[in-house]
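I'd like to go over a predicted model; first the sequence, then the structure.
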Amino acid sequence: DIQKFCTSVWVISDFPEEQRDKAYQSVQDHHPNPSALSQGAFKLHARNHGIVAYAKQVIACPSSKPGGGGTGQGIRLAQSLDIPITIIKP
């Protein structure tokens, strides 16, 4: 329900260059197999940096996919940044 209050949409190409570079590097650093990602999937994972890097806490519900999918990438990123995480099991 929180989504109905979102009034802004950002894509990775909207990030300032320095943030975009950090976001792309975060995928290289924290994804288990970044070279296997399509360009679109790589950019979606990079977008997680813009979501997670400035959070004070992360609440996540990862999928059952190996590595937890995009949410798993966000969890790994939060862990690397020492951001507190609460994981909700589906």
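Alright, I've got the coordinates. Residues are numbered from 1 along each chain as shown.

tell me, what residue is most central in this structure?
What sits nearest the mean C-alpha location of the chain, by C-alpha atoms, centre = their mean, is residue 48, with 2.1 Å.

contact partners for that one?
When contacts are counted by C-beta atoms under 8 Å, 6 or more residues apart in numbering, residue 48 touches 23, 26, 70, 73, 74, 77. C-beta coordinates here come from the backbone N, C-alpha and C atoms, glycine included.

got CSV for those residues, with distance to residue 17 and neighbour count too?
Formatted as CSV, the contacts of residue 48 follow (distance: C-beta to C-beta, whole Å; neighbours: other C-beta atoms under 10 Å):
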residue, distance to residue 17, neighbour count
23, 11, 22
26, 15, 24
70, 23, 18
73, 22, 27
74, 22, 25
77, 19, 24
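
re earlier: now the residue nearest to the centre of the chain, what are its backbone angles?
Phi and psi for residue 48, reported as degrees, to the nearest 10, are phi -60, psi -30.

for it, give me the pLDDT.
What the model reports as pLDDT for residue 48 is 87.

measure it to residue 24 for me?
Counting by C-beta to C-beta, to the nearest Å, the gap from residue 48 to residue 24 is 11 Å.

with residue 72 instead?
From residue 72 over to residue 24 (counting by C-beta to C-beta), the distance is 18 Å.

which residues of the chain score low on pLDDT?
Applying pLDDT under 70 to the predicted model, the residue ranges of the chain that meet it are 1-3.

start from the N-terminal end of the chain and give the helices.
Taking DSSP state H to define them, one finds helices in the chain at 17-30, 39-52, 69-80.

so which of those helices is nearest residue 9?
Residue 9 lies closest to helix 39-52 among those, at 11.0 Å (C-beta to C-beta).

now do the same contact list for residue 63.
In this structure, residue 63 makes contact with 69, 71, 72, 90, judged by C-beta under 8 Å, 6+ apart.

test my guess that residue 69 contacts residue 62.
Yes - Residue 69 lies in contact with residue 62 (C-beta atoms under 8 Å); the separation is 6.6 Å.

more crowded one of those two?
The neighbour count for residue 69 versus residue 62, taken as other C-beta atoms under 10 Å, is higher for residue 62 (18 against 15).
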